[in-house]
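> After the sequence you'll find the predicted model.
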Amino acid sequence: MEKQGKGRRIMQKKWWREYIVDSIIVIVILSLFASVGYAFFSLPKTDNLDQLQLVAATQVFDINGQLISKLFEENRIVVSINSISPYVQQAIVANEDTRFYSHFGIDPIGIIRAAVINVRYGGIVEGGSTITQQLAKNLFLTQEQTFGRKIKEALLAVLIERKFSKQEILQAYLNQVYFGEGAYGIEAASQLYVGKHASELTLAESALLAGLPRGPNIYSPYSDMNAAVNRRAVVLAGLVKESYITEQQAAVANREPVQLAGKKKRAIQASYFLDYIANELVGRYGANRVYKGGLKVYTSLDTKTQQAAEAVLGEFQGAVLALDARTGYIRAMVGGRNYEESQTNRVLSEIRQPGSAFKPILYAAALNSGLTAASVIVDEPINISGYVPQNYDKKYRGSITLKKAVRWSVNVAAVKVGQQIGMENVLNLARSMGISTIVPEDNNLASALGGLTQGVSLFELTTAYTGFANGGVISKPVAIVKVLDENDRVLEQSQLSQQTALQPDVAYIITDILKSVLDNGTGTPANLGRPAAGKTGTTDNYETAWFMGYTPELVVGIYIGNDNRKPVGISGTEVSALWGTMMSKVVSDSRAIDFSVPPNVITKLAICAESGKLAPSSGCSDTEYSAFIRGTEPKVTDSRTRGGQSAPSNNQRDNRPFWKLPWRLPGF
């Protein structure tokens, strides 16, 4: 009895053990099926590999169609399989997935082989994932090392193989895989490492690049040339083993020296401009499409002008903006002396007193009111209800023409003109020319000298000057000329945005006056030996120095000024020299043209700069040649009648209370 009882207990234990084991097996199998089922039903769609959102960089081109930079989170240029060297395709297959053309998405033989090698070396030496599995993981899944992710990866690989050809899969893989140094996809990698398109790669170059995905940081020739060359030899040996090339071809390729394109930092050239257009693009298309959508953006930037502009500032802080006067195209934009030091774009963000760079707007309003280039103003000490403007050089010249007053940036003359014509008219013209920072408090005589309450931006002041250069028509700035999508379909094409702010004859006469600033005035260092015009500006205590200059084609504005508003110690005259140096480079290989003369304008009349009369053949110590609207020019030399309407020559008083009068006194 005792033996029978003992036998029953043994049988019961055995039964329980078998039950538990069987239950565990059933649970494992059910869990496996459940995981597979969950993985299957939670798979992402893989309807069309051509429509997969491979992250492609947006390419940015200059006005001549030259690539200047790319906007990206992942630097990628998607190309077709026909634009990839066959050597690259063969090298990837030979070294990443030798059975690629025969397996169905997963490779059991490859998995077993990898497992044996890993056991032999006591660690993960070789992976069993196929090219299709790697594509599935990188396109649709995370990098987490979990059983569920591996199941999904395998299922997706099988589904992809059922839906797409091997060439479609290989194309997607070569456009997706990471090659190191920030390059995603073979085209970006080819340009980064060897400066070629992927279709142009030699056997040796193809082997070099095909060796990178296994260890992008380890085998980069920029990081370790020896490791890169050794890895290339391994890839070439794999090509020989799979009979893609002969041993002789491999030997020749192994001897080929590695010629690198040169590792580049993020382009410093046009960095402020690139930020500017990126902000515009994101506003229109969203960040995802701009940085990942493979757009092609054709811009207004001229590389030669940009390079010249970037050389202007040197150690000075400031900004430079160049606009095509006829179209508004932004040819150059420099927002500071060093982009790495500060990404603030001072072309846009800095609002500063323009000083005498504002005076051309004042004098344009004066011409509108009936004054002429020969109108005479008495330069003398004045006191207008406690406001005592002084000239930059503390000198007084007596009777001078309006043109001479501009040429030498005479402050007293500007204040008198502003008082006579009414500052409200000047401010209204400034607004119509695009100056948005004008406020009611600016209706005072200090504004005649550019002492505005808020100031102006270089962006808006340069835009205003296009009106002088372009026959009275303001050309609003344009940065983006055309945008294509990833399939080269046009998404947008720019249209010129222009408005008339001045009559053509007024714009021309202002230009004629400003030409004299470069010929024999405060801006002579900017003289190019060809038609050009401009105006200097220096604010109180040398806080900001300006030069706004233009040729018939190009308006270039420059300001120099410290961010903390400490004096820069230079004047507008010295900035005009910087402008002259820049523009000499820009126009060096172009034909000189003059400003177009409106039909109602008489040019080059000899005027005595002290009397405003027609200059006699002798007896005038300062003769200037001026332009006039027909009918307003001086008629005789012996009459005391001045050309046009006279400006005030006595100490007139402002009717406003003393405490409302301005005190800022910009210089030239």
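That came through, no problem. Everything numeric here is computed off the predicted structure, so don't read it as measured data.
> which regions of this structure lie under the pLDDT threshold?
1-55, 110-128, 140-149, 264-268, 617, 638-668 (pLDDT under 70).
> for the closest residue to Ala278 other than its chain neighbours, phi and psi?
Ranked by Cβ to Cβ, 6 or more residues apart in numbering and with sequence neighbours excluded, the top spatial neighbour of Ala278 is Leu71, at 5.6 Å. Heads up, the C-betas are built off the backbone N, CA and C, glycines and all. Note on Leu71: backbone dihedrals following degrees, to the nearest 10 are phi -110, psi 120.
> tally of neighbours for Leu71?
Using other Cβ atoms under 10 Å, the number of residues around Leu71 comes to 22.
> Next up, the contacts around Leu174.
Applying Cβ atoms under 8 Å, 6 or more residues apart in numbering to Leu174 gives the contacts Ile81, Ile84, Val88, Gln89, Ile92, Gly185, Ile186.
> Quickly name whichever of these is closest to Gln269.
Gly185 (24.2 Å; Cβ to Cβ).
> measure stretch 578-594 end to end?
22 Å (Cα to Cα, to the nearest Å).
> Now that stretch: buried residues?
For stretch 578-594, the neighbour count (16 or more other Cβ atoms under 10 Å) marks Leu578, Trp579, Gly580, Met582, Met583, Val586, Val587 as buried.
> Distance to Thr202 and secondary structure added to those, as CSV?
Formatted as CSV, the buried residues of stretch 578-594 follow (distance: Cβ to Cβ, whole Å; DSSP: H, G, I helix; E, B strand; the rest coil):
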residue, distance to Thr202, secondary structure
Leu578, 47, helix
Trp579, 48, helix
Gly580, 48, helix
Met582, 42, helix
Met583, 45, helix
Val586, 40, helix
Val587, 43, coil
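> ok, those residues vs Asn338, which is closest?
The closest of the buried residues of stretch 578-594 to Asn338 turns out to be Leu578 (Cβ to Cβ; 16.5 Å).
> Break down the stretch 51-200 of the chain into its strands, ranges please.
In the stretch 51-200 of the chain, the segments counted as strands under DSSP state E, counting those that start in this stretch are 58-61, 67-71, 75-76, 183-184.
> Report all helices and strands that the first one contacts.
Packing contacts for strand 58-61, counted by 3 or more Cβ pairs under 8 Å, 6 or more residues apart in numbering; DSSP states H and E, involve strand 67-71, helix 271-285, strand 296-299.
> returning to that earlier point: return the residues in contact with the residue nearest to Ala278.
With contact set as Cβ under 8 Å, 6+ apart, Leu71 has these partners: Ala57, Thr58, Val60, Leu274, Ala278, Leu281, Val290, Tyr291, Val297.
> Show the buried residues in these.
Here, 16+ other Cβ under 10 Å leaves Ala57, Thr58, Val60, Leu274, Ala278, Leu281, Val290, Tyr291, Val297 buried among the contacts of Leu71.
> Look up how far Gln59 lies from the closest residue to the fourth one other than its chain neighbours.
Beyond its immediate neighbours in the sequence, the residue positioned closest to Leu274 (Cβ to Cβ, 6+ apart) is Ser69, lying 5.5 Å away. Taking Cβ to Cβ, to the nearest Å as the measure, Ser69 falls 8 Å from Gln59.
> So for those two, which sits in the more crowded spot?
Taking other Cβ under 10 Å, Ser69 and Gln59 do not tie; Ser69 has more neighbours (23 against 18).
> follow-up on the earlier one: so how far is Lys263 from the residue nearest to Leu274?
Noted for Ser69: a distance of 16 Å to Lys263, by Cβ to Cβ.
> Give me the nearest residue to Pro221, chain neighbours excluded.
Ala228 (3.8 Å).
> Quickly find the element holding that neighbour.
According to DSSP states H and E, Ala228 maps onto helix 225-241.
> show me the contacts for Ala533.
Phe468, Ala469, Thr511, Asp512, Ile513, Leu514, Lys515, Val517, Leu518, Gly549, Tyr550, Phe595.
> now the helices: where do they sit in the stretch 501-650 of the chain?
Per DSSP state H, counting those that start in this stretch, the stretch 501-650 of the chain carries helices over the ranges 504-520, 572-586.
> Would you tell me which of these gets closest to Val235?
Per Cβ to Cβ, nearest to Val235 of these: helix 572-586, 46.7 Å.
> you'd agree Ala332 is in a strand?
Yes. Counting by DSSP: H, G, I helix; E, B strand; the rest coil, Ala332 is found in a strand.
> list the contacts for it?
For Ala332, the contact set (Cβ under 8 Å, 6+ apart) comprises Phe273, Leu301, Asp302, Thr305, Gln306, Ala308, Ala309, Glu310, Val320, Leu321, Ala322, Val556.
> neighbours of the third one, just the number please.
The burial count assigned to Asp302 is 21, neighbours taken as other Cβ under 10 Å.
> Spatially, which residue comes closest to it, not counting chain neighbours?
Excluding the flanking residues, the one nearest Asp302 by Cβ to Cβ, 6+ apart is Arg331, at 4.3 Å.
> Test my guess that that neighbour contacts Val555.
No. With contacts counted by Cβ atoms under 8 Å, Arg331 stays clear of Val555, the gap being 9.4 Å.
> can you list residues touching both of the two?
Shared contacts of Arg331 and Val555, counting by Cβ under 8 Å, 6+ apart, come down to Ala322, Leu323, Asp324.
> Where helices are concerned, which of those residues count?
The helices, defined by DSSP state H, take in nothing from the shared contacts of Arg331 and Val555.
> From these, keep the buried residues only.
Ala322, Leu323, Asp324.
> Tell me what the first one is bridged to.
Okay, so that is Ala322. Counting by DSSP bridges, Ala322 forms beta bridges with Ala332, Val556.
> Next one: it from Gly557, what distance?
Distance from Ala322 to Gly557, by Cβ to Cβ: 8 Å.
> Same check on the last one?
Per Cβ to Cβ, Asp324 is found 13 Å from Gly557.
> Between the contacts of Leu174, which sits nearest Leu449?
Gly185 (58.0 Å).
> which residues does that closest one contact?
So Gly185 contacts Leu54, Ala56, Arg76, Ile77, Val78, Val79, Leu174, Asn175, Gln176, Val177, Phe179 (Cβ under 8 Å, 6+ apart).
> Next one: it from Leu484, what distance?
Using Cβ to Cβ, one obtains 19 Å as the distance from Gly185 to Leu484.
> Just the buried residues of stretch 376-385, please?
Val376, Ile377, Val378, Asp379, Ile382, Ile384.
> Return the distance of it from the chain's centre.
47 Å (Cα atoms, centre = their mean, to the nearest Å).
> CA atoms only: put that stretch into PDB for me.
This file holds the C-alpha atoms of stretch 376-385, laid out as PDB (Å, rounded to 0.1, in the frame of the first residue of the first chain):
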ATOM      1  CA  VAL A 376      19.500 129.800 -51.600                       C
ATOM      2  CA  ILE A 377      19.600 129.300 -47.900                       C
ATOM      3  CA  VAL A 378      21.600 131.400 -45.500                       C
ATOM      4  CA  ASP A 379      23.800 129.200 -43.300                       C
ATOM      5  CA  GLU A 380      24.100 131.200 -40.100                       C
ATOM      6  CA  PRO A 381      23.700 130.700 -36.300                       C
ATOM      7  CA  ILE A 382      20.000 130.400 -35.500                       C
ATOM      8  CA  ASN A 383      17.900 130.000 -32.300                       C
ATOM      9  CA  ILE A 384      14.400 128.700 -32.800                       C
ATOM     10  CA  SER A 385      12.600 129.000 -29.400                       C
END
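> Against Lys613, how distant is the residue nearest to Ile602 when sequence neighbours are not counted?
Distances taken as Cβ to Cβ, 6+ apart place Phe628 nearest to Ile602, at 5.1 Å, with adjacent residues excluded. Distance, Phe628 to Lys613, using Cβ to Cβ: 13 Å.
> do Tyr285 as well
If you go by Cβ to Cβ, the gap between Tyr285 and Lys613 works out to 62 Å.
> More neighbours: these two, which one.
Lys613 (23 against 17).
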